[in-house]
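**Q** For reference, the sequence and a predicted model appear below.
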Amino acid sequence: MKFQTTPIRSILVACSMLALSQVTFAQKGKKTNEKEVVNITFEGASEDLTELNGIDAAGKGISSPTELKADLFSKSATGDIGVPVNIYGSEEPTTENGGNVYAGIVAYKPGKLAGERSYITIQLMQGKEPVTLKKGLTYCIEYAVSLSESSKFACNNLGAYLSKDAPGNGEPGAIYMAGDHVMKAQTNKVYNGFFGWEKVCNTYTAKGDEKYITIGNFDLNDKTQFQAVKKPKDAEADPLTHAYYYIDNIVVRLVDSPSECACFNAKPPKIEDGFSTLVFDKTPEINDKMTADKKIAAQTIYFRAGKSSLTENARVNLDFIIAQMNANPAMKLEIEGHNDGLEIKAGAENEDYLDMDRKRVAAAVKYLTNNGITEDRLVKSFKSDSVPSTEISEDDDQEVKDAKNRRVEFRVKL
């Protein structure tokens, strides 16, 4: 971190000799180019750190607000909480500010596990005295993250919640919070890097009542983008159904303009970058007792996100429909196309993803007509994302729900 005046550098040198588990400030008055710097690492953690959920050992003013506690990892520890190798993977300390300790949180779990998240709350302190951010002033907030190799998922919506009061008292469940007290990264991308550290960073305008900063994901699962990720081949950690991030170097820095925050001008990611590669598939369940229209209704075909190309299984289903229509020359067919909500958002930015329901119907129609079915026997219908798939169950996470919604259904037209 670079500063332009000798007095501030001098103060930072002095601050580096303090226990960095507390918040340190460097100050000047506005007329004398005042700057306040908050710099939080976890180097003040107690030496007897021995087990997971050990965030309380980080030092005064640092805690975890929910029942599932954040973790600390240290070079002085071994086994589950060691550095660089621990139960969730392997990560070296950040090169910025150095250090031997970093923290870890659960930012996402699917389905019924959605409430099992952890957070890091830090009371803003100057020495032993609590401090409050100053109303109307702009702060650059940043922290470093690295996805653990145990993660089956990666997600976006990593943020910082600035609050007057500590947000929880150890209750079970996640913290869901929205509004201008929550800072997310300028890009708010899915952080899917296993090795090395990335910055979550943006500017924040203080409301004048902020005494705590809490790091984590404050959005519902259906508002969170996530990706399924594969464990690196050489990783020894067991894969778990979570997105787990190592956390370090939490900084709150007063700036005169947003441009002083290095991440401010970063370009947001494209929505399609968050597309899942999952394609749902289900073998049609038919028997000789079923009528032709029921057999055809069972032949739903599914698609990859942002795609209208037919899978091999889709062609098998369409071949069955062709045989049924050839056996019943008077039969007409309704072809109904669907897409998911993320494709609609992507279509607003990139026309390649507009009207995926229509493109999927067109792909099915082309296959049928290329195989002898005349187009006057086909009725096209487009539903966008207005009709959820009947295959969706309450246990499905959002990725599976979306995959089930990207489909074309068939009905005999009476």
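**A** Received it, and whenever you're ready, just let me know what you need.
**Q** how close does Trp197 get to Glu92?
**A** 9 Å (Cβ to Cβ, to the nearest Å). The C-beta positions use only the backbone N, C-alpha and C, and glycine is treated the same way.
**Q** The two: which is more packed in?
**A** Using other Cβ atoms under 10 Å, the more surrounded residue of Trp197 and Glu92 is Trp197, with 20 against 13.
**Q** Show me the beta-bridge partners of Phe382.
**A** Following DSSP bridges, Phe382 is listed with bridge partners Gly337.
**Q** Burial check on it, number of neighbours?
**A** 17.
**Q** Report the contact partners of it.
**A** Contacts of Phe382 were listed using Cβ atoms under 8 Å, 6 or more residues apart in numbering, and they are 336-337, 355, 357-358, 361.
**Q** quick one: it and Asp402, what's the gap?
**A** 18 Å.
**Q** repeat for Val131
**A** For Val131 relative to Asp402 (Cβ to Cβ), the value is 44 Å.
**Q** And these two? Which one has more around it.
**A** Counted by other Cβ under 10 Å, Val131 and Asp402 do not tie: Asp402 has more neighbours, with 23 against 17.
**Q** Please verify my assumption that the more buried one contacts Gly341.
**A** Yes - at 7.4 Å, Asp402 counts as touching Gly341 under the criterion of Cβ atoms under 8 Å.
**Q** re the thing from before, kindly indicate which of the contacts of Phe382 lies nearest Ser74.
**A** Taking Cβ to Cβ as the measure, Ser74 lies nearest Asp357 of these, at 52.4 Å.
**Q** what's the neighbour count on that closest one?
**A** Asp357 has 26 nearby residues by other Cβ under 10 Å.
**Q** and it, what is it in contact with?
**A** Contacts of Asp357 by Cβ under 8 Å, 6+ apart are 337-339, 382-384.
**Q** what do you get if the cut-off is 10 Å, keeping everything else the same?
**A** 308, 336-340, 343-344, 380-386, 405-408 (Cβ atoms under 10 Å, 6 or more residues apart in numbering).
**Q** In PyMOL, how would I select the buried members of those?
**A** Selection command for PyMOL covering only the buried members of the contacts of Asp357, criterion 16 or more other Cβ atoms under 10 Å:
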select buried, resi 308+336+337+338+339+340+343+344+380+382+383+384+385+405+406+407+408
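**Q** residue boundaries of the strands in the stretch 251-400 of the chain?
**A** Counting by DSSP state E, counting those that start in this stretch, one finds strands in the stretch 251-400 of the chain at the ranges 301-302, 332-337, 378-382.
**Q** Could you dump the ones you listed into a markdown table with mean pLDDT and distance to Ala107 added?
**A** Converted to a markdown table, these look like this (pLDDT from 0 to 100; distance: least, Cβ to Cβ, whole Å):
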| stretch | mean pLDDT | distance to Ala107 |
| --- | --- | --- |
| strand 301-302 | 98 | 29 |
| strand 332-337 | 98 | 34 |
| strand 378-382 | 97 | 36 |
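**Q** center of the chain, which residue is that?
**A** For the chain, Cys155 is the residue whose C-alpha lies nearest the centre (Cα atoms, centre = their mean; 1.9 Å).
**Q** Contact partners for that residue?
**A** 107-109, 147, 189-192, 217, 219, 221, 224-227, 242-243, 245, 274.
**Q** Tell me where the model's unsure across the protein.
**A** Within the chain, the stretches with pLDDT under 70 are 1-38, 45-48, 96-98, 126-127, 264-269.
**Q** can you do 50?
**A** 1-34 (pLDDT under 50).
**Q** Do a quick rundown of the helices in it.
**A** With helices called from DSSP state H, the chain shows them at 6-15, 292-297, 312-327, 341-349, 356-370, 398-405.
**Q** Nearest to Leu414, out of those?
**A** Taking Cβ to Cβ, helix 292-297 is the member of those nearest to Leu414, at 8.1 Å.
**Q** Perfect, I'm done here.
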